[in-house]
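**Q** take a look and give me a structure for this.
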Amino acid sequence: MIEGYALGGGLELALAADLRLATSTARLGLPEIKLGLVPGFGGTQRLPPLIGPARALWMILSGEPISTAEAKRAGLVNGVVAAEDLEAELQDRILRLSRQSPPALAWAKALIRPRDPVTDDGLARGKGFAELAATEEAKAAIRTARAKIPKFSHE
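**A** This is a model prediction of the structure:
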């Protein structure tokens, strides 16, 4: 389920899921470039097969989020629903899938996604995130971004 903002690590976590259902008001993006970083945690490896290399490249290079309508058209999400219908729609989809043969579901997933681009090759290539995060430029951008986040009281 994607509700609200799925940016950076939030979207990268969603990309690791087999299926994604989002609310109509959600926004999805990989804004790391704006901090002098690249997406980590498989974002650069999992996004292109889902939406195509050209769209993925634009999302990553621009750092601009997209609407769920655009994400649906691109194939990034499997469905878009109103926020109040999200949990019911998710339960309905889970129920429909639970009626299928577990071995057939597993084989279908394996045949559609025969490799995991993150663990097969992407982790080695993804070391750029750590290298960039260690630069002074990225550290300064992260400090600036964190300063803009409102502080929450624990009282």
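**Q** run the chain-centre distance for the host helix or strand of residue 86.
**A** For residue 86, the element it lies in under DSSP states H and E is helix 86-98. Its chain's C-alpha centre and that of helix 86-98 lie 21 Å apart, by Cα atoms, centre = their mean, to the nearest Å.
**Q** which helix or strand lies directly C-terminal to it?
**A** helix 102-112.
**Q** where are the low-confidence patches of this structure?
**A** Residue ranges of the chain with pLDDT under 70: 114-127, 150-155.
**Q** just the strands in it please.
**A** 5-7, 21-23, 27-29, 66-67, 79-81 (DSSP state E).
**Q** what packs against the first one?
**A** Pointing back at strand 5-7 there. Here strand 5-7 touches strand 27-29, going by 3 or more Cβ pairs under 8 Å, 6 or more residues apart in numbering; DSSP states H and E. Heads up, the C-betas are built off the backbone N, CA and C, glycines and all.
**Q** hmm, try it at 10 Å
**A** helix 9-15, strand 27-29 (3 or more Cβ pairs under 10 Å, 6 or more residues apart in numbering; DSSP states H and E).
**Q** buried stuff in that strand?
**A** Neighbour counts over strand 5-7 (16 or more other Cβ atoms under 10 Å) mark 6-7 as buried.
**Q** brilliant, that's me finished.
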